[in-house]
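*Asks:* requesting a structural model of the entry that follows:
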Amino acid sequence: FNRKTDNKAPMLFLKPTTSYAFPGTPIRIPRGRNEVHFEVELGVVIGGEIDATQSESLSEEEIMNRIAGYCVAVDMTDRELQTAAKKKGAPWSVAKGFDTFLP
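*Replies:* Residues are numbered from 1 along each chain as shown. Here you go, the predicted model:
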């Protein structure tokens, strides 16, 4: 997948449940985090378990049956941590998973 030439494949991110912020909950930006940005994303709510050992053998229909719904999501990202993770070839989730970073 080449992001510059292939816009058909989506970029996927997982958010820990501790990052959820319910309506009215203030977003808490951790101390020392100076470059936090937000984007609007399409959220996919997974409602059924997918066993990692079987995931490649599941049909598209079986996977779609595990999707509970879709939602509009505000994705908060610490850009400094994201840039550092990219340079190391590490996952970006550390920059996206702070508590309340998914209001």
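*Asks:* centroid-nearest residue for this structure?
*Replies:* The chain has Phe13 as the residue nearest its centroid, 3.0 Å off, counting by Cα atoms, centre = their mean.
*Asks:* which residues does that one contact?
*Replies:* Taking Cβ atoms under 8 Å, 6 or more residues apart in numbering as the definition of contact, the neighbours of Phe13 are Asp75, Trp92, Ser93, Lys96. Bear in mind the C-beta positions are built from the backbone N, C-alpha and C, glycine included.
*Asks:* now with 10 Å?
*Replies:* Shown in contact with Phe13 (Cβ atoms under 10 Å, 6 or more residues apart in numbering): Glu41, Ala73, Asp75, Thr77, Pro91, Trp92, Ser93, Ala95, Lys96, Gly97, Leu102.
*Asks:* same check on Trp92?
*Replies:* Shown here is Trp92, whose contacts under the criterion Cβ under 10 Å, 6+ apart are Met11, Phe13, Thr77, Asp78, Leu81, Gln82, Thr83, Ala84, Ala85, Lys86.
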